[in-house]
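Participant: what would the 3D arrangement of this be:
(one chain, ligands or ions: 1)
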Amino acid sequence: MSEQEYDTVIVGAGFAGLYALHKFRDGLGLSAVVIEAGDDVGGTWYWNRYPGARCDIESYSYSYSFSEELQQEWCWSERFAGQPEILRYLNHVADRFGLRSDIRFGTRVTSASWDDDSRRWTVVTDGGEQLVCRFLVSGVGNLSAAKDPEFDGLERFGGNVYATARWPHEGVDFTGRRVGVVGTGASGIQVIPEIAKQAAHLTVFQRTPNYATPIGNGAMDPEFDRYVKANYAALRDRSRNHFLGVPYDLVQPSALALDDTERRRVYEQRWAQGGFRLFFDAFADLVFDEAANDTAAEFIREKIRQRVTDPRVAEVLAPTDYPYATKRPPLETNYYETFNRDNVTLVDLRSTPIERVTAAGVRTSDSEHELDDIVLATGFDAMTGPLLRMNLTGRNGTPLAERWADGPRTYLGLMVHGFPNLFLITGPQSPSVLYNMPLAIEDHVDWIADCITHLREQGSASIEPTPDAEDGWVAETAQLAGNTLLPRTDSWYMGANVPGKPRVCMVYLGGAPTYRQICSDVVAKGYEGFALAPEGATANA
Ligand code: N01
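Facilitator: Now for the predicted structure:
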């Protein structure tokens, strides 16, 4: 087995890994390599190529802020860029900053273990390589480990099976075909209207209806583009001071403080603006107060009933048994109108569950749906899945899976006790998926870079959280989640979408501005809550 030594091994060449490589290699002068399973850059935007895939935070926000030149030279063609354009952007970044030469494509990490004597990680890849490094940085993302299919008989299906999370690069032509889509989360809600335009017949298998609201996409207005470019620094500043990392500022304290007419006016306006305005820029108490939440939920249900012509279909599509935004709210284009088409059928899996997949299609409890193609949009083993699949082993040979048997345990969502010098970009228990990802990633990479610089200045070989700091953070994230309505709903935020997974909230819900302040206070107090081990000493057990 060949062995190579680096200061830093970074896993993943998506938004996180690309910026980490640039920062550590070109900013800190470290030797660094990126290990990437895909054959090119892009991470989630490399794999999720299904028709309709696009970002749902405005493109000018959903992009890097670290380079003013990059911000100025790149022009987005749409308000919410589609997957091909985001992938072109990430390729541009890789070329512009000369990153490709230090990325190992088509290579997967199969295990990584910490050695306390040498204070090094040994990373093993599926190519039989062994990479030794001081710092192991995970840029594997939060939604990159697709959930394993849960349907008996899938392997005997006579047609094609596709997964939104692993879409064929050459695309799929559904013309004249009978297609079934399983899953109505954000991926399903994006792909369903596109497949319906092409297929002879589309059958949508829905288990839980979603509160989807309009994305409001359109061509990028050149005047708005000029405005953004002239004001980028201020817009980024406002974004970093916003819970979600976007420059929104219309939110009012409570949905219950207004009468029906005024409240409706607010909802209608946010609905027309599109994007996450309804969720994040209407009323601040929607995820805290059930009565406030009911007003938004009922508003969305009314819209669904207006848009879907068959009232029985509308009732199946309208969620009634969980609060709005306690599952991650999807954004849509013509999703509900798709169910008015003659070639689309909705199957309610709550009343007629899938029994198995047969050679000819999908058998539910009351009928057999004959299909040529099945599309799985069934989601991810979110947050912890991508980390646990790397088989990480910390001090004394302790597997991360064992440490996290009851759910993730981190300090700041950045580091884990017993796993020195392992840094998690947007790890569990950080704001991560509830913070504009490119900014969340930049914040973390910058924090890690400062931390590595600090270690060098101190002559320290390693850093890890103390058990007390980690316990405190785990308790704080749980308490923050407990103040919201999120734990009541089965969602991937809670790990509840994967059979057998511990049910805990994996997102820090105190908001990005508070979180950023905590992270900088920790540094200002000399890396409070962390234990540093000097070169040559034995680390704390
Ligand atoms: O996955 P999901 P996703 N039998 O878990 C159903 C991001 N994203 O890929 O709710 C039958 O949300 C499941 O039903 P239920 C975004 O953060 C962003 O759609 O478990 N059905 C659900 O309907 C998003 O939240 C964009 O009852 C089964 C669906 O499959 C996250 O990725 C676009 C089932 C899974 O929905 C995940 O979204 C796409 C079973 N055994 C994704 N198992 C942007 O716009 C699962 N389901 C940027």
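Participant: I'd guessed Asp40 sits against Asn91; true?
Facilitator: Yes: using CB atoms under 8 Å, Asp40 makes contact with Asn91 at a distance of 7.4 Å. Just so you know, the C-beta spots here come from the backbone N, C-alpha and C atoms, and that holds for glycine as well.
Participant: name the nearest residue to Asp450, ignoring sequence neighbours.
Facilitator: Excluding the flanking residues, the one nearest Asp450 by CB to CB, 6 or more residues apart in numbering is Val523, at 6.6 Å.
Participant: following the helix or strand where the one you found lies, which helix or strand comes up?
Facilitator: Using DSSP states H and E, Val523 maps to helix 512-524. Remark: after helix 512-524, the chain's next helix or strand is strand 530-534, criterion DSSP H and E.
Participant: what angle separates that next one from helix 512-524?
Facilitator: 40 degrees (axes from the mean of the first three to the mean of the last three CA atoms, to 10 degrees).
Participant: for the residue nearest to Asp450, what are its contacts?
Facilitator: Trp447, Asp450, Cys451, His454 (CB atoms under 8 Å, 6 or more residues apart in numbering).
Participant: ramachandran angles for His34?
Facilitator: Heads up, residue 34 is Val, not His. phi -110, psi 130 (degrees, to the nearest 10).
Participant: pLDDT wise, what is it at?
Facilitator: Confidence at Val34, expressed as pLDDT, is 98.
Participant: correct me if wrong: it contacts Arg100.
Facilitator: No: between Val34 and Arg100 there is no contact under CB under 8 Å: 9.4 Å.
Participant: where along the stretch 51-200 of the chain do the strands fall?
Facilitator: Using DSSP state E, counting those that start in this stretch, the strands found in the stretch 51-200 of the chain span residues 103-104, 109-115, 120-125, 130-138, 160-163, 178-182.
Participant: for the first one, packing partners?
Facilitator: Helices and strands touching strand 103-104, by 3 or more CB pairs under 8 Å, 6 or more residues apart in numbering; DSSP states H and E, are strand 32-35.
Participant: change it to 10 Å
Facilitator: helix 15-21, strand 32-35 (3 or more CB pairs under 10 Å, 6 or more residues apart in numbering; DSSP states H and E).
Participant: give me the sheet partners of it and which way each runs.
Facilitator: Within its sheet, and counting by DSSP bridges, strand 103-104 is paired with strand 32-35 (parallel).
Participant: ok, the second one next?
Facilitator: According to DSSP bridges, the neighbouring strands of strand 109-115, each with its direction, are strand 120-125 (antiparallel), strand 392-393 (parallel).
Participant: quick one: buried residues of that strand?
Facilitator: Val109, Ala112, Ser113, Trp114 (16 or more other CB atoms under 10 Å).
Participant: wait, what's in contact with the second one?
Facilitator: With CB atoms under 10 Å, 6 or more residues apart in numbering as the criterion, the residues that contact Ala112 are 9, 11, 35, 121-125, 131, 133, 136, 138, 390-394, 400, 419, 422.
Participant: filter the residues you listed down to the buried ones, PyMOL style.
Facilitator: The PyMOL command for the buried members of these (criterion: 16+ other CB under 10 Å) is given here:
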select buried, resi 9+11+35+121+122+123+124+125+131+133+136+138+390+392+393+394+400+419+422
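Participant: distance between the helix holding Val523 and the chain's centre?
Facilitator: Relative to its chain's centre, helix 512-524 lies at 22 Å (CA atoms, centre = their mean, to the nearest Å).
Participant: can you check stretch 328-337 too?
Facilitator: Using CA atoms, centre = their mean, the offset of stretch 328-337 from its chain centre is 18 Å.
Participant: how about it, does it reach the ligand?
Facilitator: Yes: contact of stretch 328-337 with the ligand is found when judged by CB under 6 Å from any ligand atom, involving Arg328.
Participant: now that stretch: average pLDDT?
Facilitator: 98.
Participant: quick check: closest non-adjacent residue to Phe135.
Facilitator: Nearest one to Phe135, counting by CB to CB, 6+ apart, is Thr8 at 4.5 Å.
Participant: and that neighbour, what element?
Facilitator: strand 3-11.
Participant: CA atoms only for that strand, dumped as CSV, please.
Facilitator: Below are the C-alpha coordinates for strand 3-11, written out as CSV (Å, rounded to 0.1, in the frame of the first residue of the first chain):
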residue,chain,number,x,y,z
GLU,A,3,1.8,6.0,1.8
GLN,A,4,1.9,9.7,1.3
GLU,A,5,2.1,12.4,4.0
TYR,A,6,0.2,15.8,4.0
ASP,A,7,-0.6,18.5,6.5
THR,A,8,-4.3,18.2,5.6
VAL,A,9,-6.5,15.7,3.9
ILE,A,10,-9.9,17.2,2.9
VAL,A,11,-12.8,14.9,2.0
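Participant: identify each buried residue in that strand, please.
Facilitator: In strand 3-11, counting by 16+ other CB under 10 Å, buried: Tyr6, Asp7, Thr8, Val9, Ile10, Val11.
Participant: quick check, pLDDT for the second one.
Facilitator: Predicted confidence (pLDDT) at Asp7: the value is 98.
Participant: what sits against it?
Facilitator: Per CB under 10 Å, 6+ apart, neighbours of Asp7: 24-25, 28-33, 133-135, 452, 456.
Participant: CA atoms of stretch 399-418 as CSV?
Facilitator: C-alpha atoms of stretch 399-418 as CSV (Å, rounded to 0.1, in the frame of the first residue of the first chain):
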residue,chain,number,x,y,z
PRO,A,399,-15.3,4.1,16.2
LEU,A,400,-17.3,7.3,15.6
ALA,A,401,-20.4,5.1,15.2
GLU,A,402,-19.9,3.9,18.8
ARG,A,403,-19.5,7.5,20.1
TRP,A,404,-22.6,8.6,18.2
ALA,A,405,-24.7,5.5,18.9
ASP,A,406,-27.3,7.7,20.6
GLY,A,407,-27.0,10.6,18.1
PRO,A,408,-24.2,13.0,17.1
ARG,A,409,-22.0,14.5,19.9
THR,A,410,-19.9,17.5,18.9
TYR,A,411,-18.7,20.8,20.2
LEU,A,412,-19.9,23.7,18.0
GLY,A,413,-20.7,21.2,15.3
LEU,A,414,-17.0,21.5,14.5
MET,A,415,-15.1,18.9,16.5
VAL,A,416,-15.6,15.7,18.5
HIS,A,417,-13.9,14.7,21.8
GLY,A,418,-11.6,11.7,21.2
